[in-house]
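Q: Sequence first, then the predicted structure, then my questions.
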Amino acid sequence: MSIQITDPAPVARAEEILTPEALAFVNALHERFAARVPQLLDRRRERRDEIARTHTLGFLPETADVRAGDWRVPEPPAAIRDRRVEITGPASPAKMAINALNSGAKVWLADLEDASAPTWHNVVDAQVNLKDAARGSLSYTAPDGRAYALRTDAPLAVVVVRPRGWHLPEHNVRWDGESAVGALVDFGLHFFHNARTLADAGQGPFYYLPKMESHLEARLWNDVFTYAEDALGIEPGTIRATVLIETITAAFEMDEILYELRPHASGLNAGRWDYLFSIIKNFRDAGEAFTLPDRAQVQMTAPFMRAYTELLVQTCHKRGAFAMGGMAAFIPNRREPEVTEQAIAKVRADKLREANDGFDGSWVAHPDLVPVCREVFDEVLGERPNQIDRQRPDVRIEGPELLDVRSAGGTATLDGLRLNLYVAVAYTAAWLGGNGAVAIHNLMEDAATAEISRSQVWQQIRNGVTLDSGETVTRDLVERILHEEVERLRGEVPGDDFERLYVPASRLVRDIVLSEEYADFLTNGAYDEVVAR
């Protein structure tokens with residue numbers, strides 16, 4: 001076996017997860033599939049080079065027969081037939097996992113990706129918690145003696161695990177002397193320890209698949225699932241996966257992605273924040289036509305975002321798959337009733353739009369928002385578990401509508417530039433400290449929103465955007481505003497935290513936004529910083 005672990009005991013009970021048998025399974029996954037990952041990442045770069053030359057995208061001519069074909073995904077298992085409300089959040093620490101399971105949501109997206117900073121502690125602790133959750137034994141006692149346990153008076157949320165995307169390595173697991181593939185580590189450890197338990201209970205295993213950019217990446221996941229089921233003696237097709245359509249390239253391959261995953265496909269999700277990040281990233285040098293206004297001004301009602309979500313609903317329901325809504329970033333603040341009232345109103349409006357458009361359920365980021373989302377979907381669904389039968393033949397999306405970024409309207413402002421830099425540094429600092437989901441100014445920020453923030457700054461410099469103040473975005477202006485926002489943060493956080501987390505975070509953000517070369521992912525550079533500590 002060529003798998004090696006840098007630290008076998010990052011948390012209590014790590015030995016229950018990092019067993020020789022589990023690591024042998026992770027090794028087997030790498031032997032069969034790891035070599036395909038860099039090939040797919042190279043294909044991403046080739047696709048991006050083509051976009052840089054042409055400033056456009058379209059549906060693939062070579063897969064026209066798939067889009068025109070008469071095929072459907074399998075019927076959903078009983079456990080996930082009703083997904084009207086899903087709560088998202090990390091699987092570590094245990095307290096947050098318990099709160100999500102007890103929230104009253106139909107599904108908990110146990111996030112090992114955007115809402116989780118992948119410190120080795122978090123990676124292994126999340127697996128411990130997911131193992132306990134699968135067996136109904138998850139509990140936690142806080143330092144103050146307060147005990148947290150799984151509720152017995154109502155159903156728990158069904159667990160759907162989101163492993164890391166194909167681009168993220170796991171430096172603490174070495175395979176043939178190289179960093180392992182983070183996605184294969186996350187999936188392999190979870191599947192090995194829990195597949196039989198979950199399958200016997202009719203509770204999965206279920207997965208959310210992030211950051212994919214093509215149907216070929218979905219093909220790799222399907223091959224991984226098929227091998228894993230066979231290796232552990234799990235009935236073929238037991239695994240069900242929902243794919244986040246959170247890249248602009250994947251938006252042109254929705255049919256193909258479902259087709260490649262067909263034995264294991266469950267649905268698609270409109271991952272709106274990463275979707276905006278992907279548009280900026282792929283069209284960053286395509287000029288004014290692809291320059292977005294302030295992030296806060298880009299609404300889901302913008303025509304290009306409506307085209308994306310309506311195509312997703314139509315595609316999913318045509319194939320018998322779930323169409324899952326995305327995350328409204330607003331969160332309540334129990335200490336500020338007015339903020340809570342505004343957050344609930346905004347989330348309600350967002351979920352009402354999704355339910356009326358045909359989505360089968362949607363995401364929330366906070367337990368207090370579960371009743372809001374549930375109430376909206378109850379009004380639309382009634383006793384039905386979903387609305388897959390709503391086919392949306394009225395939708396006609398030819399392709400250019402997805403690229404009509406100008407339809408967002410709005411303006412780029414100096415305040416927006418300040419906020420982008422503030423959020424990028426504040427979030428990165430929290431991420432370096434091990435926290436992947438952070439409330440900033442009553443919005444839930446995760447890696448996706450931080451990626452939008454820093455990418456928009458880079459794009460504005462590259463395109464010489466003129467702000468509402470009349471100033472042109474230049475390197476000098478960004479350096480000045482970044483310095484001011486970092487000084488503002490210095491006054492808001494403890495001194496030790498500032499030196500330990502915010503100073504390196506500000507350095508990382510500065511290097512990324514001012515670099516001549518665009519960094520594909522903020523998290524890759526931040527992860528190197530985490531490992532170096």
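A: Structure's in. What do you need? Numbering: from 1, shown residues only.
Q: need the helix or strand of this structure with the lowest average pLDDT.
A: strand 443-445 (a mean of 77; mean pLDDT, DSSP states H and E).
Q: Mind listing residues that contact that one?
A: Identification of contacts with strand 443-445 by C-beta atoms under 8 Å, 6 or more residues apart in numbering yields 327, 329-331, 365-366, 423, 426-427, 437-439, 449. No exception for glycine: its C-beta is placed from N, CA and C like everyone else's.
Q: What is the nearest of those to residue 265?
A: residue 327 (21.6 Å; C-beta to C-beta).
Q: What residues does the residue nearest to that closest one when sequence neighbours are not counted make contact with?
A: Excluding the flanking residues, the one nearest residue 327 by C-beta to C-beta, 6 or more residues apart in numbering is residue 363, at 4.6 Å. By C-beta under 8 Å, 6+ apart, residue 363 lies in contact with 86-88, 109, 269, 324-327.
Q: Tell me the one of the residues you listed nearest residue 145?
A: residue 87 (26.3 Å).
Q: Among the contacts of strand 443-445, which ones are in helices?
A: In helices, judged by DSSP state H, the following of the contacts of strand 443-445 are found: 423, 426-427, 449.
Q: Per-residue pLDDT of the residue nearest to residue 327, please?
A: You'll see residue 363 listed with a pLDDT of 95.
Q: Can you say which helix or strand has it in it?
A: strand 361-364 (DSSP states H and E).
Q: Over to residue 65?
A: Using DSSP H and E, residue 65 sits in helix 64-68.
Q: hmm, who's touching that helix?
A: Here helix 64-68 has contacts from 59, 255-256, 259, using C-beta under 8 Å, 6+ apart.
Q: min pLDDT across the contacts of residue 363, which one?
A: Per-residue pLDDT puts residue 327 lowest of the contacts of residue 363, at 89.
Q: Can you tell me how far that one is from residue 176?
A: Using C-beta to C-beta, to the nearest Å, we find residue 327 at a distance of 38 Å from residue 176.
Q: Between the two, tell me which one has more neighbours.
A: Between residue 327 and residue 176, residue 327 has the larger neighbour count (other C-beta atoms under 10 Å), namely 25 against 12.
Q: pretty sure that one is in contact with residue 365, am I right?
A: Yes. Residue 327 lies in contact with residue 365 (C-beta atoms under 8 Å); the separation is 6.0 Å.
Q: what do the two both touch?
A: Common neighbours of residue 327 and residue 365, counting by C-beta under 8 Å, 6+ apart, are 88, 444.
Q: pLDDT weak spots in this protein?
A: 1, 532-533 (pLDDT under 70).
Q: top helix in it by residue count?
A: Max-length helix for the chain by DSSP H is helix 337-357.
Q: Could you list the buried residues of stretch 459-475?
A: By 16 or more other C-beta atoms under 10 Å, the buried positions in stretch 459-475 come out as 459-461, 463, 465, 467, 473.
Q: same check, this time on stretch 345-361
A: So for stretch 345-361, counting by 16+ other C-beta under 10 Å, buried means 347-348, 350-355, 357-361.
Q: which of those residues lies closest to residue 100?
A: Checking the buried residues of stretch 345-361 one by one against residue 100 (C-beta to C-beta), the nearest turns out to be residue 361, at 15.3 Å.
Q: thought the closest one was touching residue 84?
A: Yes. Look at residue 361 against residue 84 with C-beta under 8 Å: they come within range, at 4.3 Å.
Q: Where does the residue lying closest to residue 355 once chain neighbours are set aside sit, in terms of helix or strand?
A: Nearest residue to residue 355 in three dimensions, chain neighbours excluded: residue 380, at 4.1 Å (C-beta to C-beta, 6+ apart). If you go by DSSP H and E, residue 380 is part of helix 370-381.
Q: sorry, back to before: among the buried residues of stretch 345-361, which pair sits farthest apart?
A: Among the buried residues of stretch 345-361, 347 and 358 lie farthest apart (C-beta to C-beta), at 18.8 Å.
Q: picking that back up, between residue 361 and residue 84, what contacts are shared?
A: By C-beta under 8 Å, 6+ apart, the residues touching both residue 361 and residue 84 are 106, 373, 377, 386.
Q: and the gap between the first one and residue 328?
A: Looking back up the chat, that one is residue 106. Residue 106 is 17 Å from residue 328, by C-beta to C-beta.
Q: same check, this time on the second one
A: Applying C-beta to C-beta, one obtains 9 Å for the distance of residue 373 from residue 328.
Q: Need the three-state assignment for the residue most central in space within the chain.
A: For the chain, the residue nearest the mean C-alpha position is residue 114 (5.0 Å; C-alpha atoms, centre = their mean). Assigned with DSSP: H, G, I helix; E, B strand; the rest coil, residue 114 falls in the coil class.
Q: Quick check, it in contact with residue 452.
A: No. Checked against C-beta under 8 Å, the pair residue 114 and residue 452 is beyond contact range at 11.8 Å.
Q: circling back: go through the least confident helix or strand of the chain and flag the buried ones.
A: Buried residues in strand 443-445, defined by neighbour count with 16+ other C-beta under 10 Å: 443-445.
Q: List the contacts of residue 505.
A: Here residue 505 is in contact with 425-426, 428-429, 431-432, 526 (criterion: C-beta under 8 Å, 6+ apart).
Q: For it, give me phi and psi.
A: The phi/psi pair for residue 505 (degrees, to the nearest 10) reads phi -60, psi -40.
Q: returning to that earlier point: got a quick PyMOL command for the buried subset of the contacts of helix 64-68?
A: To isolate the buried ones among the contacts of helix 64-68 in PyMOL, judged by 16+ other C-beta under 10 Å, type:
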select buried, resi 59+255+256+259
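Q: Of the contacts of helix 64-68, which belong to helices?
A: Going by DSSP H, the helices hold 255-256, 259 from the contacts of helix 64-68.
Q: If we only consider those, which is nearest to residue 337?
A: Among the ones in helices among the contacts of helix 64-68, and counting by C-beta to C-beta, the member closest to residue 337 is residue 255, at 45.8 Å.
Q: For burial, what's the neighbour tally of the residue lying closest to that closest one once chain neighbours are set aside?
A: Nearest non-adjacent residue to residue 255, counting by C-beta to C-beta, 6+ apart: residue 67, 4.6 Å away. When counting by other C-beta under 10 Å, one arrives at 15 neighbours for residue 67.
Q: can you check the one 3 residues further on too?
A: A total of 6 residues lie near residue 70 under the criterion other C-beta under 10 Å.
Q: what do you get for residue 183?
A: Neighbour tally, residue 183, other C-beta under 10 Å: 27.
Q: What strand or helix carries it?
A: Per DSSP H and E: helix 182-200 holds residue 183.
Q: measure the residue of the chain most remote from its centre to residue 413 for me?
A: For the chain, the largest distance from the centre (C-alpha atoms, centre = their mean) belongs to residue 470, which lies 35.5 Å off. Computed as C-beta to C-beta, the residue 470 to residue 413 distance reads 11 Å.
Q: Then residue 31?
A: For residue 31 relative to residue 413 (C-beta to C-beta), the value is 52 Å.
Q: just residue 209 next, same as before
A: 36 Å.
Q: of the two, who's got more company?
A: Neighbour comparison, residue 209 and residue 413: the larger count goes to residue 209, with 26 against 16 (by other C-beta under 10 Å).
Q: Run through the residues that contact the more buried one.
A: 162-163, 218, 221, 241-244.
Q: try 6 Å this time
A: Listed by C-beta atoms under 6 Å, 6 or more residues apart in numbering, the contact set of residue 209 reads 221, 241, 243.
Q: Within the helices and strands, which one has the first one?
A: The reference is to residue 221. With DSSP H and E as the test, residue 221 turns up in helix 215-232.
Q: And for the second one?
A: Applying DSSP H and E as the criterion places residue 241 in strand 240-245.
Q: Kind regards, and thank you for your time.
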